[in-house]
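# Predicted coordinates and the sequence they were generated for:
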Amino acid sequence: MRAPPVALRRPARGFSTPALLAYLTVIALLALVPQLTHKPSLLHLWIMVFLAISQGAAWNVIGGYTGQYSVGHAAYFGLGAYITMLLLEMHQVPPWYGLGLAMVGAVLLSVIIGAITFRLRGPYFVLASIAVAEIIRLAALDFRDFTRGAEGILLSGIPPLQLGAHLTIRFVGKQPFFYAALALAVLAVSSNWVVQHTKLGYYFQAIREDQDAAHSLGINPTLHKSIALAISAALTAAAGAIFGLYVRFIDPNIVFSLPDVSVQMVLICIIGGIGTILGPVLGAVVLVLLSETLRNPGWLVQVGVLGEDSTLVDFIEQRLSSAHVLVYGVLVVIVILFAPDGLLGVLRKGLDRLRRRPGASAAPRAAA
Amino acid sequence: MIVFFQSLISGILVGGIYALIGIGLTIIFGVMRVINFAHGDLLMLGMYATWLLFKYLGLDPYVALVVTMPLLFLWGALLQKVIINRVLGALPQNQILLTIGLGLIMSNSVMLLFTSDYRILTTSYSSSSFSLLGISISQPLLYSFLVTVAITGVLFWFLQTTDTGQAIRATAQDRDAAQLMGINVKRMSVLAFGLGTALAGTAGALLAPTYYIFPQVGGPFTLKAFVVVVLGGMGSIVGATLGGVLIGVTESMAAVYVGSGLKELVVYVLFLLILLFRPAGLLGKSRA
Amino acid sequence: MTAILEIKHVSKFFGGLSANSDVSFDVEPGSITGLIGPNGAGKTTLFNCITGYYPPSKGDILFKGERMNGRQPDQVCRLGMARTWQKVRPLAKMTVVDNVMVGALLRTHSLRVAREVAMERLEVVKLADKAGALAGGLPIGERKKLEVARVLATRPELLLLDEVMGGLNPAESEEIILLILELKRLGLTQVVIEHDMKAIMRMSDRIVVLNSGEKLAEGTPQEVAHDPEVVAAYLGEAVHA
């Protein structure tokens, strides 16, 4: 057996001021974006990126940190979208309450799904997670009285949100959704940060590395897997809810989709770098930019990357508009074969090499 | 009563094809311990190959098997040799993701080439049927079933009596021991993936006259293949054969007695119950 | 003094096969008990029963007077009984110190405290200089030490060591022996499965011999070494060589 080299890694610090400052700065800068541009296609791109980050970071909690490769997260995404949309359309419950209820609903569902699937390991867990999500999709298609089936739910409108006496938020245009999606992305990424820097995260990772060993060290694997899944499910449901409100139409084949939701959430993390904070962010940016560009290359012209008369836009529109999933496929295969730590791993390796080069002639670094 | 037998018969006929899909998956799993999530997409390739041969050369889908089977065998062998071989020792999760990726590549390449339009392969006998004691039997489904039986028979003969077949079975039983006994395990893996792909493609070819053909058709069949294989016990060919027929019958019974929209749901619920309570499959020994 | 661990008529069946049958012995606080026997004698199965991985088919296991049957491994560990694994199980993609912290976090919620405890334990097993290395990349000798440091961090009262010297060279084994004796001096009770007869004779206060799942003999190293049944069945050459 070939032993991996003894890599050195600084033990994770509990708190790092520069990192926190950088994080806050990035959030502040992002919050300014809608003030700088009003181009709908650009705002749309950001919203999709934020939602993808939320989904990726949500999956990362259970898949990346805890090592349980759920390929059935569409169950929570769809549930979140359906609870919020149904409450709003049928019972006029404002979506900000609906969103909360959606997250609670997803946690409850996660407890049930966890009880079924956490008894299984490895590939059997993967298969069970798919089966559960498919059962829910098929049920949503079939129980028309409750969900309207394949007809889906079309949103007629969102009531304005009254905050205090002076501030009223009207859900028209893209700006409110930009901030909602940004807030969720921040929440999801922060959840990963918290997980990585607390006892909970140590326990999650111990289970990922070796469940039996973790069990013998005083960790209750079922309890901690359930906690991880609950966090993951709640965030995923919130993403589903915001997605539904934003696109204003959902049906079971969209929000409970195995390839477009469940698989995509895994791909975001795999491509970016699984079990890291920045991995899902990177993966989401890459995947969304690729897929949105192939679907609708017009934004490249709007931003000024390409000229008005660029033939590239025509080419993409005519030939590649449905190829974005193909690109995912190629990316996944390449990442798994050549960069198992994801794009983040590639970046880190590259940075290390750059850093080492100038010092190569100097004294070699101590081994420990 | 007629309705019962009607759905039983059509369940068995469709189940034969499910069995073929399951056998392919179980051979791949048995020999390589890789769970192939691209299995349905290989089936889809078989469908398109059949459709193309029919459309441009006028080849009858059953005759076309002479071309489609070897073609898909080669394709599977190539996939194994070039790509899947590299992850044989990797984490099962990574193997799953790799095959998911390969599936996405296949289905979306086909979509780029042939668009996502639904294609129909209409033969002179596509919608004709026999009538037997008041039960109508779809002609193409019956042909497909007979071909399935023949192929399964040949496969059993091949695995039981030929040297190569025995080597494949030995590898499936214990990879390390097989290697020690001088079996070329790598070659067996290539053979197994080729064989599994050929079987999936054949199932696609057999479905082509009675099914819509479109790039995303494979997904549900991948899932169904897992159900079949888990039902019969991972790696067991006899189990997959029985599992296929059982799932076919369950589906067609559920369509009649529970509702056609719920037939797949019933199958997945059954799948979960088996995963939970008989993880080694109906035929396998349960875990200690 | 009352026993800290009481094994009472424990049997474990798998299907029709018995891996342990009617095994009984006590472990005194502060002592080292050697558990020996040929491969397949049921030593590891007994550990698995004691630590909650399998429920015993028959009999009782009492730790500090409390019945352990049916308790989960994590509860057993929380109560103060911790085990190592014959086949070491490092948390490969975590650093050495993180591995030990996972153990230490059983008794604290603070990562800072856990890190201090972990570094102390790493000092004890002389692995502190590798704290930042990934556990999966350690050579076997250091993996064994890591395994011990990790369970020590859970603050056990009773430690079950499953072949911590297996696969080590004589110098490394000697280090582990000294470590076990040092832990005993600090008051830790230990049950040790080991194949190295010289080591087990030297460390143990009492020795329990298992053969085909049954207890063959029990006593001080001297008594066991001269027990004609043990000599005949198993020890013979190893002791007199």
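Structure's in. What do you need? Numbers count the residues shown, from 1 in each chain, chains lettered A, B, ... in the order given.
# Show me the residue at the heart of chain C, geometrically.
In chain C, the residue lying closest to the centroid (CA atoms, centre = their mean) is C:L161, at 1.7 Å.
# which stretch of helix or strand covers that one?
strand C:158-162 (DSSP states H and E).
# Show the secondary-structure elements that that strand is packed against.
Applying 3 or more CB pairs under 8 Å, 6 or more residues apart in numbering or on different chains; DSSP states H and E, we find strand C:158-162 packed against helix C:43-50, strand C:81-83, helix C:140-152, strand C:189-193. (Each C-beta comes from the backbone N, C-alpha and C, glycine too.)
# Skipping its backbone neighbours, what lies nearest the residue nearest to the centre of chain C in space?
C:V192 (4.8 Å; CB to CB, 6 or more residues apart in numbering or on different chains).
# give the contact list for the one you found.
C:32-35, C:161, C:164, C:180, C:200, C:203-204 (CB atoms under 8 Å, 6 or more residues apart in numbering or on different chains).
# what about the chain, any weak spots by pLDDT?
No chain specified, so I'll use chain A. The model of chain A has pLDDT under 70 over residues A:1-15, A:303-304, A:308, A:318-322, A:357-368.
# switch to chain B, that's the one I care about
Judged by pLDDT under 70, chain B has its weakly predicted residues at B:282-288.
# what's the single longest helix in it?
helix B:2-32 (DSSP state H).
# right, quick check: stretch B:264-284 against chain C, any contact?
No. Judged by CB under 8 Å from any CB of the partner chain, stretch B:264-284 stays clear of chain C, getting no closer than 13.7 Å.
# List of residues touching that stretch?
Outside stretch B:264-284, the residues that reach it (CB under 8 Å, 6+ apart) are A:116, A:119-120, A:124, A:127-128, A:131-132, A:134-135, A:138-139, A:142, B:220, B:223-224, B:226-227, B:230-234, B:236, B:238-239, B:242-243, B:246-247, B:250-251, B:254, B:258, B:286-287.
# Give the buried subset of the residues you listed as a PyMOL selection command.
Of the contacts of stretch B:264-284, the buried ones can be selected in PyMOL as follows, counting by 16 or more other CB atoms under 10 Å in any protein chain shown:
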select buried, (chain A and resi 116+120+124+127+128+131+132+134+135+138+139+142) or (chain B and resi 223+224+226+227+230+231+232+233+234+236+239+242+243+246+247+250+251+254)
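# what are the ranges of the strands in chain C?
All strands of chain C, identified by DSSP state E, fall at C:5-14, C:17-27, C:32-36, C:58-63, C:66-67, C:81-83, C:158-162, C:189-193, C:206-211, C:214-219.
# Same list, those strands, but as TSV with distance to B:G24 and mean pLDDT please.
Shown next, in TSV, are the strands of chain C (distance: least, CB to CB, whole Å; pLDDT from 0 to 100):
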stretch	distance to B:G24	mean pLDDT
strand C:5-14	34	86
strand C:17-27	36	85
strand C:32-36	49	90
strand C:58-63	47	88
strand C:66-67	52	86
strand C:81-83	44	91
strand C:158-162	43	91
strand C:189-193	46	91
strand C:206-211	48	88
strand C:214-219	49	86
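# out of those, deepest packed?
strand C:81-83 (a mean of 27; mean count of other CB atoms under 10 Å in any protein chain shown).
# residues contacting B:V228?
Contacts of B:V228 (CB under 8 Å, 6+ apart): B:18-19, B:21-22, B:25, B:240, B:243-244, B:247.
# rewinding a little: show me which of the contacts of C:V192 is closest to chain B.
C:L35 (23.1 Å; CB to the nearest CB).
# The closest one against C:V208, yeah?
Yes. C:L35 is within contact range of C:V208, at 5.3 Å (criterion: CB atoms under 8 Å).
# if we can go back for a sec, what two of the contacts of B:V228 have the greatest distance between them?
B:L25 and B:I247 (12.7 Å; CB to CB).
# Where do the strands of the stretch 151-300 of chain A begin and end?
Using DSSP state E, counting those that start in this stretch, the strands found in the stretch 151-300 of chain A span residues A:153-154, A:161-163, A:167-169, A:249-250.
# Adding mean neighbour count and distance to B:A198, write the ones you listed out as a markdown table.
Shown next, in a markdown table, are those (neighbours: other CB atoms under 10 Å in any protein chain shown; distance: least, CB to CB, whole Å):
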| stretch | mean neighbour count | distance to B:A198 |
| --- | --- | --- |
| strand A:153-154 | 16 | 44 |
| strand A:161-163 | 11 | 59 |
| strand A:167-169 | 11 | 59 |
| strand A:249-250 | 20 | 40 |
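# would you turn those into CSV with distance to B:G101?
Formatted as CSV, the strands of the stretch 151-300 of chain A follow (distance: least, CB to CB, whole Å):
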stretch, distance to B:G101
strand A:153-154, 32
strand A:161-163, 41
strand A:167-169, 41
strand A:249-250, 27
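# Count the residues that sit near the nearest residue to B:L65 once chain neighbours are set aside.
Excluding its sequence neighbours, the residue lying closest to B:L65 (CB to CB, 6+ apart) is B:A205, at 5.7 Å. By the criterion of other CB atoms under 10 Å in any protein chain shown, B:A205 has 31 neighbours.
# doesn't B:A205 fall inside a helix?
Yes. Residue state for B:A205 (DSSP: H, G, I helix; E, B strand; the rest coil) corresponds to a helix.
# Spit out the contact partners of it.
Per CB under 8 Å, 6+ apart, neighbours of B:A205: B:46-47, B:49-50, B:61-62, B:64-65, B:68-69.
# Distance of it relative to B:T68?
Distance of B:A205 to B:T68, given as CB to CB, to the nearest Å: 5 Å.
# where do the contact lists of the two overlap?
Common neighbours of B:A205 and B:T68 (CB under 8 Å, 6+ apart) are B:46, B:49-50.
# which among those residues end up buried?
Here, 16+ other CB under 10 Å leaves B:46, B:49-50 buried among the shared contacts of B:A205 and B:T68.
# What is the nearest of the residues you listed to B:W157?
B:G46 (22.3 Å).
# so the closest one sits in a strand?
No. Secondary structure of B:G46 (three-state DSSP): helix, not part of a strand.
# Now do the same contact list for it.
So B:G46 contacts B:68, B:72, B:200-205, B:208 (CB under 8 Å, 6+ apart).
# A:V186 now?
Contacts of A:V186 by CB under 8 Å, 6+ apart are A:I27.
# Point out the residues in the stretch 51-200 of chain A that sit beside chain C.
So the stretch 51-200 of chain A meets chain C at A:197-199 (CB under 8 Å from any CB).
# change it to 6 Å
Applying CB under 6 Å from any CB of the partner chain, one finds that the stretch 51-200 of chain A approaches chain C through A:K199.
# What parts of chain C come near chain A?
Within chain C, the positions adjacent to chain A are C:73-74, C:77-78, C:83, C:89, C:91-92, C:94-95, C:97, C:102-103, C:105-106, C:109, C:111, C:129, C:132-134, C:136-137, C:154 by CB under 6 Å from any CB.
# One more: the stretch 51-200 of chain B?
Contact residues, the stretch 51-200 of chain B versus chain A (CB under 6 Å from any CB): B:86, B:92-94, B:96-98, B:101, B:104-105, B:108, B:111-112.
# Check those and tell me the two furthest apart.
Going by CB to CB, the pair spanning these furthest: B:P92 and B:L112, at 30.4 Å.
# okay, the two: which has more neighbours?
B:P92 (18 against 15).
# show me the contacts for the more buried one.
Residues near B:P92 by CB atoms under 6 Å, 6 or more residues apart in numbering or on different chains: A:122-123.
# If we use 10 Å, what do you get?
By CB atoms under 10 Å, 6 or more residues apart in numbering or on different chains, the contact set of B:P92 is A:69, A:121-126, B:33-35.
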